[in-house]
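A.B. asks: Here's a sequence, model it:
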Amino acid sequence: MGFLQEKVLCCLMWICVCLKGNYGEHICKAGEMKEHNSGNCIPCLDLQYQSTPNKESFCRTCGTCFEEMGSELISKCTKTANTKCQCRKGFVPKRGSSSCKCDKGSELDDTRKNCRRCPAGYFNTEAGKKCTPWTDCGKQGVKTNGSHQQNVVCHEGPWTSAPAREGKHLSAPVAVPMTPPLTATTPTPPAFPFTTSVSIRTTRPPGHNSGFPGYTIAVPPVLLLILLSPIICKKLIIPFIQNYKKKADTPCRRPVEESGDSSRSSLVKSSLGQP
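C.D. replies: Predicted coordinates:
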């Protein structure tokens, strides 16, 4: 029992220590933070602040007003408050008041420090962008005038927005000149093949519209003759040539031998003095 009692007491003491560490620690006031080693409260460092009571071991970094981006300083940073900035005249917040941009209808001037209104003939519909020139409506004419924040609106084309009876539309280079070439050239493509087809039909005699039937009739016999040519040569032509040679050789050789023998015998007889 003594061993178990000792273990229970140790556990209770450990729980008490943990509770004391969590709930009995000191809370630092605004402008202070806790030191890492001791846990005591110390003031925030320079350019740092802590605006509320806390148990943090760090302070927050002071903000900066970027004057080159249209921001200006209202109040400096302290240990209990952050820096306060505001956008100069003509600027609007970009990322809070510490960074600003020119409002729509304006742009940065040559010094890159101030905003100026878009000059006449230019506009800007988005903050932080450069001014761009108005659209040139030309012959269409301006329907709605532009401003430093809005582009001009042009009339629609004279071939759609105005009636055709007005004489000024006849001089329009887009609508009027394009119409005659289109209407004049569209009938010509079908006319050409129509005339050629008629001339071909009248000049050709009936029954000779195509040369393919004659070729198709002659092709099978020619192919059959080509396929049978080896057999014809082997069975007919070659034996005929051989027989012809044999017949030609037999009557030619014997008369030559006989004539030769008779001539020789006559010569022998004449030399011997026999008749």
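A.B. asks: Skipping adjacent residues, who's closest to residue 106 in space?
C.D. replies: Leaving out its chain neighbours, the residue that sits closest to residue 106 by CB to CB, 6 or more residues apart in numbering is residue 115, at 4.5 Å. No exception for glycine: its C-beta is placed from N, CA and C like everyone else's.
A.B. asks: How about residue 145?
C.D. replies: Per CB to CB, 6+ apart, closest to residue 145 is residue 152, 6.2 Å.
A.B. asks: Where does pLDDT dip in this protein?
C.D. replies: 1-25, 157-215, 247-275 (pLDDT under 70).
A.B. asks: still on that earlier bit, Provide a list of residues in contact with the residue nearest to residue 145.
C.D. replies: Applying CB atoms under 8 Å, 6 or more residues apart in numbering to residue 152 gives the contacts 134-135, 137, 142-146.
A.B. asks: 7 Å instead?
C.D. replies: Residues near residue 152 by CB atoms under 7 Å, 6 or more residues apart in numbering: 134-135, 137, 142, 144-146.
A.B. asks: thinking the residue nearest to residue 106 is in contact with residue 87, fair?
C.D. replies: No: using CB atoms under 7 Å, residue 115 is not in contact with residue 87, being 9.8 Å away.
A.B. asks: ok, back up a step: emit the PyMOL select command for whichever of the contacts of residue 152 are buried.
C.D. replies: Buried subset of the contacts of residue 152, written as a PyMOL selection, criterion 16 or more other CB atoms under 10 Å:
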select buried, resi 134+146
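A.B. asks: From the contacts of residue 152, pick the one nearest residue 83.
C.D. replies: Residue 83 has its nearest neighbour among these in residue 146, at 40.5 Å by CB to CB.
A.B. asks: Chain neighbours aside, what residue packs nearest to that closest one?
C.D. replies: Nearest in space to residue 146, with sequence neighbours left out and distances taken as CB to CB, 6+ apart, is residue 152 at 3.8 Å.
A.B. asks: Quick check: phi and psi on that neighbour?
C.D. replies: Here is the backbone geometry of residue 152 (degrees, to the nearest 10): phi -70, psi 160.
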